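Colleague: Structure for this input, please:
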Amino acid sequence: MPYFTFTTLTDPSVTGNTATTATVSIAVSPSAGALTATNLLPGSSATGTIAVSNVGDVDVLYFLSADWRAAGTTTATLASLLAHKLVISVEAGSPATTLYAGSLAGLIDQPSPGGRSLAAASAEDVRLTLLLPSGAGNVVQGLDLDIDFIFVAKQAV
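Modeller: Coordinates of the predicted model:
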């Protein structure tokens, strides 16, 4: 049969313990209309800038995705064609570091792997350049897309 031994301490408490959590948070500016590309012709481009600020209290890694969809009378199939034809270049910092260069459709969780580091209480400009390549062809004439640029952050480890 098991037995137990109990010991009594004079002061069995441990006081003064704390636990706090960090805040992971980024802000972007402007929140709308950072890149407007109207009447693009093959070989032409448009550029916009988004300021990304780490408003949390820890260093973060951030990622960028493009959420695009058909606009106006453009069908979903033709929107997909246009998103695959458009080339986007994403650069950040000074001197500029390329975070992504490729099709708009491929701008998902970039830069990959690992994300872009941004120290607590710091900010940087992210420059987006959207290009309709000269070889895009007539099939993309008159097509329209709405594009949201989505920034997501996680704590840097």
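Colleague: Can you give me the pLDDT of the spatially closest residue to residue 48 that is not a sequence neighbour?
Modeller: Spatially, and ignoring its direct neighbours in sequence, residue 48 is nearest to residue 35 (3.2 Å; C-beta to C-beta, 6 or more residues apart in numbering). From N, CA and C alone the C-beta is placed, and that goes for glycine too. With respect to pLDDT, residue 35 scores 93.
Colleague: Pretty sure residue 35 sits in a strand.
Modeller: No: read with DSSP: H, G, I helix; E, B strand; the rest coil, residue 35 is coil and lies in no strand.
Colleague: and the gap between it and residue 147?
Modeller: Residue 35 sits 7 Å away from residue 147, going by C-beta to C-beta, to the nearest Å.
Colleague: Name the residue in these two with the higher neighbour count.
Modeller: Higher neighbour count among residue 35 and residue 147: residue 147, with 20 against 16, using other C-beta atoms under 10 Å.
Colleague: ok, that one - contacts?
Modeller: Residues counted as contacts of residue 147 (C-beta atoms under 8 Å, 6 or more residues apart in numbering) are 35, 66-68, 104.
Colleague: before we move on, what about residue 44?
Modeller: 131-132.
Colleague: Go again with 10 Å.
Modeller: Residues counted as contacts of residue 44 (C-beta atoms under 10 Å, 6 or more residues apart in numbering) are 37, 130-134.
Colleague: got it, and residue 120?
Modeller: Contact partners of residue 120, counting by C-beta under 10 Å, 6+ apart, are 22-24, 54-60, 156.
Colleague: In ChimeraX, how would I select just the buried ones from those residues?
Modeller: Buried subset of the contacts of residue 120, written as a ChimeraX selection, criterion 16 or more other C-beta atoms under 10 Å:
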select :24,54,56,58,59,60,156
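Colleague: Among the contacts of residue 120, which one sits closest to residue 4?
Modeller: Comparing these against residue 4 with C-beta to C-beta places residue 22 closest, at 41.5 Å.
Colleague: separation between that closest one and residue 157?
Modeller: 12 Å.
Colleague: next one: residue 36
Modeller: Residue 36 is 37 Å from residue 157, where distance means C-beta to C-beta.
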